[in-house]
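**Student:** with the input below, show me the fold.
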Amino acid sequence: MTLTHYGFIVLAKGYQPKIQRSVMENEHFKTQVIGVSSVEDAVTVANDLIKEGVQVIELCGGFGEDNANKVINSLDSQTPIGFVGFSVSETQKLSKLLS
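**Tutor:** Okay, here's the model as predicted:
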């Protein structure tokens, strides 16, 4: 099987999934990027993406491992769901930026 449909969920305060969304698509590949403001919204969006045929979902680093696992564990799906992480040195840079 070839990967042709990918979903990326971004978590940020105030994002509304029906408004903050983008699709990049050509004859070979479709990427959907959707913004959410809560873990609950992410679960709903992930379910919708799976129903639409997305083959892989990735959650942005803003979820953190705990919230990413909440999303993953809330879904009853064979669709692989990953989450973005940072190396130790990059986490230090991120912490500095966010402080």
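**Student:** next, count neighbours for the spatially closest residue to residue 55 that is not a sequence neighbour.
**Tutor:** Spatially, and ignoring its direct neighbours in sequence, residue 55 is nearest to residue 5 (5.1 Å; C-beta to C-beta, 6 or more residues apart in numbering). C-betas here are computed from N, CA, C, even on glycine. Neighbour count for residue 5, taken as other C-beta atoms under 10 Å: 15.
**Student:** does residue 5 touch residue 51 like I think?
**Tutor:** No. Applying C-beta atoms under 8 Å as the test, residue 5 and residue 51 come out as separate, 11.8 Å apart.
**Student:** ok, residue 42 - contacts?
**Tutor:** By C-beta atoms under 8 Å, 6 or more residues apart in numbering, the contact set of residue 42 is 9, 11, 36, 59, 63, 67, 71.
**Student:** swap in residue 56?
**Tutor:** Residue 56 makes contacts with 3, 6, 7, 79, 80, 81, 82, as judged by C-beta under 8 Å, 6+ apart.
**Student:** for it, give its distance to residue 89.
**Tutor:** Separation of residue 56 from residue 89 (C-beta to C-beta, to the nearest Å): 27 Å.
**Student:** if we can go back for a sec, filter the contacts of residue 42 down to the ones in strands?
**Tutor:** 9, 11, 36, 59 (DSSP state E).
**Student:** among the residues you listed, which two are most distant?
**Tutor:** Maximum pairwise distance in the ones in strands among the contacts of residue 42, criterion C-beta to C-beta, is 9.4 Å, between 36 and 59.
**Student:** which neighbours do those two share?
**Tutor:** Counting by C-beta under 8 Å, 6+ apart, the residues touching both residue 36 and residue 59 are 9, 11, 42.
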